[in-house]
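>>> Dropping a prediction and its sequence here:
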Amino acid sequence: MTTKIAVLTSGGDAPGMNAAIRAVVRTSLHFGFAVSGVRDGYNGLVFNNIEELDRSSVANIIQRGGTILGTARSSDFETAEGMDKAKKVLVERGIDVLIVIGGDGTMRGAKQFSEEHDVNVLGLPGTIDNDLYGTDFTIGFDTAINNALEAIDRIRDTAASLERLFFVEVMGRFSGFIGLAVGLAGGAEDVLIPETPTDVNALANKINESTRKGKKSNIIIVSEGDEAGNAFTIAEKVKDCIKEDYRVAVLGYIQRGGSPTANDRILASKLGFAAVEAVQKGIKGCMVGEVDKKIVFTPFEDTYKKKKKIDPAIYKIIEILAT
Ligand code: F6P
């Protein structure tokens, strides 16, 4: 009997998801497996929206952002009834293995589905946030930081010309990987992220000191999930203690779109390939990631319960290079 694999993308879309779908489909066909695509995340399982894929279904998508399968944060799948329906659909269609591509919410769903409904599930890390344990990088992160960086460079031009202070908000509700990376690469004066406490007075002093030293522009990167508030809130909190005019720029969804970078396409292709190889070896119940250039398998629960740590050394570098 031919092994049947189904693939879906779930949660926030991330550039490189299409490259991962392509790799899953083409590797499956290479090994003689049948493969189908589930529409709109876990919703497609609940509502039986699944279509068979072949080589040509994934032609010309490696360079495309978003996800050709559509995605969703499915509340229907979270209910016991929804999961039962999803399981029935898999059984009726004879699907043996489900490959899910997404972030922490996707991995939570995968754990519950695989354990409570006895389904073979494998995960691939696909989120711009890079906040999954068990992989050095998630698919989409590299594109997101490059998108953000391009915008920050442009903001720097206008900030320097008008000698202005900018608060630039980047994505990351629960994590500061994007903030820290673009803070370093963009030469920011400071970076505020959810993982570290924000001292608003210290920030104001830093800005004043930087201006006193004659800096023409100051850019403060704020992760949207910083515990002191978003970029507007933080700017409001420091405004009475600083002497200069400021502007706020929220980069938002621009970070999540566009053609994936080479790094994201390479990572997505390697992980998609590795996931199907894992199917062949009978590996299940885990996320396929890359750590120190090696493929690793991490139980679903660890991917979101064990916190991937930010590198505090980066903070130090940002501080030293900004002075
Ligand atoms: O998880 C990816 C992400 O882009 C976060 O950085 C952001 O906080 C969130 O998704 C936005 O979610 P939504 O697309 O539901 O607005």
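Noted; the coordinates are in hand. Numbering: from 1, shown residues only.
>>> Now do the closest residue to residue 292 other than its chain neighbours against residue 260, distance only.
For residue 292, ignoring the flanking residues on the chain, the nearest one in space by Cβ to Cβ, 6 or more residues apart in numbering is residue 136 at 7.1 Å. To be clear about C-beta, it is placed using only N, CA and C from the backbone, and glycine gets the same treatment. Distance from residue 136 to residue 260, counting by Cβ to Cβ, to the nearest Å: 17 Å.
>>> Just list the residues touching the residue nearest to residue 292, thanks.
Contacts for residue 136 (Cβ atoms under 8 Å, 6 or more residues apart in numbering) come out as 289-292.
>>> mind giving me JSON lines with those and columns for secondary structure?
Compiled in JSON lines, the contacts of residue 136 are given as follows (DSSP: H, G, I helix; E, B strand; the rest coil):
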{"residue": "289", "secondary structure": "strand"}
{"residue": "290", "secondary structure": "strand"}
{"residue": "291", "secondary structure": "strand"}
{"residue": "292", "secondary structure": "coil"}
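>>> of these, closest to the ligand?
residue 289 (16.7 Å; Cβ to the nearest ligand atom).
>>> ok, and the most crowded of the contacts of residue 136?
residue 289 (25 neighbours; other Cβ atoms under 10 Å).
>>> Residues in a beta bridge with it, which ones?
Partner residues in beta bridges with residue 289, using DSSP bridges, are residue 296.
>>> again, but for residue 34
Note on residue 34: beta-bridge partners by DSSP bridges are residue 4.
>>> Give the burial count for it, as a bare number.
17.
>>> ok, now the one 4 residues further on?
Counted with other Cβ under 10 Å, the neighbours of residue 38 add up to 29.
>>> what's the spacing between it and residue 47?
Applying Cβ to Cβ to residue 38 and residue 47 gives a distance of 10 Å.
>>> Could I get the pLDDT score of residue 217?
pLDDT for residue 217: 89.
>>> Could you count how many residues lie near it?
For residue 217, the count of nearby residues is 20 (other Cβ under 10 Å).
>>> How about residue 163, nearest residue that isn't a chain neighbour?
Counting by Cβ to Cβ, 6+ apart, residue 216 is the residue found nearest to residue 163 once chain neighbours are left out, at 5.3 Å.
>>> go on, residue 254?
residue 147 (6.0 Å).
>>> quick revisit: three-state assignment of the residue nearest to residue 292?
Residue 136 - assigned by three-state DSSP - is coil.
>>> OK, contacts around residue 230?
Residue 230 neighbours (Cβ under 8 Å, 6+ apart): 169, 222, 224, 250.
>>> got a list of what the residue lying closest to the first one once chain neighbours are set aside touches?
Leaving aside its sequence neighbours, residue 169 sits nearest to residue 231 (Cβ to Cβ, 6+ apart; 3.6 Å). Taking Cβ under 8 Å, 6+ apart as the criterion, residue 231 is in contact with 167-169, 222, 224, 248-250.
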